[in-house]
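Colleague: coordinates only, sequence not included:
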C-alpha cells in the first residue's frame with residue numbers, strides 16, 4: 001500500500017514538472033518570437049523618432065493589452081513622450097520619441113509599472 005501511495009505521489013509530481021516545463025518552453029518560444037520581430041529588418045532598427053519606432057511601439061502596446069496591463073503615459077495611452085537629441089554630437093537634431101508604460105492594477109496604493117524602453 002505504501003508503495004502505491006509513493007508511486008501515485010511521484011506520478012503527480014512528474015505530471016506537475018512536465019506541465020511547468022511545457023509552460024516555460026511555451027513562454028520561451030513566445031519571447032523568441034517577440035524578440036525576432038522587434039529585431040527584424042521590418043522595423044529598420046527602430047530609430048528614435050522614426051515611423052519604425054512608432055510601429056515597434058504599437059506592437060508592444062498590443063502585447064501589453066493582451067496581457068492585461070493598464071495604460072500609463074500621456075493621456076493614459078501607454079506612451080510617455082519625450083524629446084531626444086539625435087546625431088553626433090548629440091545636438092544636431094531634436095526628435096520626438098516615446099517610451100511605452102503599463103501597470104498592473106492590483107487595487108493597492110503601490111503597484112508594478114512595466115516600461116518598454118525600446
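Modeller: Yes, it's here. As the structure is a computational prediction, the values presented were derived from the model and not from experiment.
Colleague: buried sites along the helix or strand harbouring residue 115?
Modeller: In the assignment (DSSP states H and E), residue 115 maps to strand 112-116. The neighbour-count check on strand 112-116 (16 or more other C-beta atoms under 10 Å) flags residue 116 as buried. Backbone N, C-alpha and C define where each C-beta goes, glycine included.
Colleague: What of stretch 44-55?
Modeller: So stretch 44-55, judged by 16+ other C-beta under 10 Å, has buried residues 46, 48-50, 53.
Colleague: Generate TSV for the residues you listed, with distance to residue 96 and secondary structure as supplementary columns.
Modeller: Formatted as TSV, the buried residues of stretch 44-55 follow (distance: C-beta to C-beta, whole Å; DSSP: H, G, I helix; E, B strand; the rest coil):
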residue	distance to residue 96	secondary structure
46	15	helix
48	9	coil
49	6	coil
50	11	coil
53	10	helix
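Colleague: what's the most distant pair in the residues you listed?
Modeller: Using C-beta to C-beta, the two most remote members of the buried residues of stretch 44-55 are 46 and 49, lying 10.3 Å apart.
Colleague: show me where this structure has strands.
Modeller: In the chain, the strands defined using DSSP state E lie at 70-71, 79-86, 93-104, 112-116.
Colleague: Tell me the strands beside the second one, with direction?
Modeller: If you go by DSSP bridges, strand 79-86 pairs up with strand 93-104 (antiparallel).
Colleague: Next, the angle from the strand it pairs with to strand 112-116.
Modeller: 150 degrees (axes from the mean of the first three to the mean of the last three C-alpha atoms, to 10 degrees).
Colleague: For strand 93-104, the averaged confidence score.
Modeller: Mean pLDDT, strand 93-104: 87.
Colleague: So, low pLDDT: which residues of this protein?
Modeller: For the chain, the stretches flagged by pLDDT under 70 are 1-26, 88-91.
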